[in-house]
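# Quick one, fold the following:
(one chain, ligands or ions: 1)
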Amino acid sequence: MRNAIVEPVRFPFDAVLSSLTVCANLKPSLIIHGGAWNIPDEAVDDCRAGIRRALEAGWKVLSGAGTAMDAIEAAVVILEDDPTFDAGIGSHLNRDGRVQLDAIVMDGATLKAGAVAAVERVRNPIRLARSILEKSEHMMLVAAGAEKFAEENGVPLCAPEELVNERERMAWRRCLEDSHAAEHHVGHEHGTVGAVAIDRHGNLAAGTSTGGTCCKFPGRVGDSPLIGCGCYADAEAGGVSCTGHGEGIMKIVMAKMAIDLLHDQRVLVPHREKGGPLSLAQAVADACIRKLAHRAHTTGGLILLDRDGLPAAAFNTPRMAYGYVQPDASFRIAP
Ligand code: ASP
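Below you'll find the model as predicted:
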């Protein structure tokens, strides 16, 4: 159980929360991703189609009465159900040939997260993550405990084999036969998914879902479900979802780094000096990826919305699958 919060600590939190709950009729925003990796030419169309369908699902929610949390759940479920991506069905197999899934959602008003790791019987772990956020006093449940929570709270379970597809089974066999040689991972390395949304009431939510890395050690958990690493949302700054080499992203706590930089306008100064773009959101995304390369010596990407709904994306892989809704409600999709 938590200790009671003592008076001197409580005051600023009360002030912040009351100022966050009064906004209404803002313009909604949505950005989603399907992983940063060396997406081969032949996979580009599938990635774009999946991103489009997820944007449509999330935007339908935001255009109606739905909340930011409803929108990111709707978008991520589409991507989890699409075998193109490394989340839900079609996820990479671990060293034992099993799928182990991780996911997180976070609410920008309360800073409450719900996260799951290493679940093997949940088709849509983003739904389970949301259920934990809304119904549990805890923020993260793993493996059998997370599946027990799913059973007790009406989140459907599936057979572990339902999450395995033939493409990943074959890739896993090739890896086993040849000590996980790097060339066997080309073309199916990454594809984590995520979304960030702001609804018309000013609620901000972010989420990330993944099957993790190919041939990972059983029980390995990457950045994706860890608050501040694979995802963060703070209505005072913005929301972030990350993708890429989890062990590197964890080193720099990349999602929280982005949020802290959004709070700190000084990140704009070097951009101004170089005559670069003045979008704080883009400057922050770029700075995070520079840090990932420079301090963790690895690759990845992130998407973010600042608290006003301005989108940004950055990556240091050959491509990243992502898309966002532009001010005229048209979709911008990459690659
Ligand atoms: N970040 C994920 C992980 O390390 C993988 C990815 O985003 O592609 O589990």
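# so who does K112 touch?
106, 133, 139 (CB atoms under 8 Å, 6 or more residues apart in numbering). Where you see a C-beta, it was placed from the backbone N, CA and C, and this is true even at glycine.
# One more pass at 7 Å, please.
Shown in contact with K112 (CB atoms under 7 Å, 6 or more residues apart in numbering): 133, 139.
# What distance do you get for it to C175?
38 Å (CB to CB, to the nearest Å).
# likewise P160?
19 Å.
# now swap in C231 and tell me
Taken as CB to CB, the span from C231 to C175 is 28 Å.
# between those two, who's got more neighbours?
C231 (34 against 19; other CB atoms under 10 Å).
# residue boundaries of the helices in the chain?
7-20, 41-63, 68-81, 125-135, 143-152, 166-177, 182-185, 246-252, 254-263, 268-273, 280-296 (DSSP state H).
# Packing partners of the longest one?
With contacts defined as 3 or more CB pairs under 7 Å, 6 or more residues apart in numbering; DSSP states H and E, the packing partners of helix 41-63 are strand 29-37, helix 68-81, strand 193-198, strand 319-325, strand 331-334.
# Using CSV, list the CA coordinates for it.
Taking Å, rounded to 0.1, in the frame of the first residue of the first chain, the C-alpha atoms of helix 41-63 are listed here in CSV:
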residue,chain,number,x,y,z
ASP,A,41,11.0,-2.4,-50.8
GLU,A,42,8.7,-5.4,-51.1
ALA,A,43,7.3,-4.7,-47.5
VAL,A,44,6.6,-1.0,-48.0
ASP,A,45,3.1,-1.4,-49.5
ASP,A,46,2.0,-3.6,-46.6
CYS,A,47,3.4,-1.2,-44.0
ARG,A,48,1.7,1.8,-45.7
ALA,A,49,-1.6,-0.1,-45.9
GLY,A,50,-1.4,-1.1,-42.2
ILE,A,51,-0.6,2.4,-41.1
ARG,A,52,-3.5,3.8,-43.2
ARG,A,53,-6.0,1.4,-41.7
ALA,A,54,-4.8,2.2,-38.2
LEU,A,55,-5.0,5.9,-38.8
GLU,A,56,-8.5,5.5,-40.1
ALA,A,57,-9.6,3.5,-37.0
GLY,A,58,-8.0,6.0,-34.6
TRP,A,59,-9.3,9.0,-36.5
LYS,A,60,-12.8,7.7,-36.6
VAL,A,61,-12.8,7.5,-32.8
LEU,A,62,-11.3,11.0,-32.4
SER,A,63,-13.8,12.5,-34.9
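# which other residues reach it?
Applying CB under 7 Å, 6+ apart, the set of residues contacting helix 41-63 is 28, 30, 32, 34, 39, 70-72, 74-75, 78-79, 82, 84-85, 195, 197, 199, 321-323, 325, 331, 333, 335.
# List buried residues within those residues.
28, 30, 32, 34, 39, 70-72, 74-75, 78-79, 82, 84-85, 195, 197, 199, 321-323, 325, 333 (16 or more other CB atoms under 10 Å).
# out of these, which touch the ligand?
Filtering these for neighbours of the ligand using CB under 6 Å from any ligand atom leaves an empty set.
# State the number of residues packed around P40.
With other CB under 10 Å as criterion, P40 counts 12.
# Please apply the same query to E162.
Neighbours of E162 under the rule other CB under 10 Å: 13.
# Nearest residue to it in space, please, no chain neighbours.
The shortest distance from E162 to any non-neighbouring residue, by CB to CB, 6 or more residues apart in numbering, is to R123 (6.6 Å).
# Show me which residues of stretch 244-262 are buried.
Applying 16+ other CB under 10 Å to stretch 244-262 flags 244-246, 248-262 as buried.
# from these, which are also near the ligand?
Applying CB under 6 Å from any ligand atom to those, those adjacent to the ligand are 244, 246.
# Can you name the residues of the protein sitting close to the ligand?
Counting by CB under 6 Å from any ligand atom, the residues of the chain near the ligand are 35, 86, 190, 192, 210, 212-213, 222-224, 243-244, 246.
# Quick one: which of those has the lowest pLDDT value?
Ranked by pLDDT, the residues of the chain next to the ligand bottom out at H190, which scores 67.
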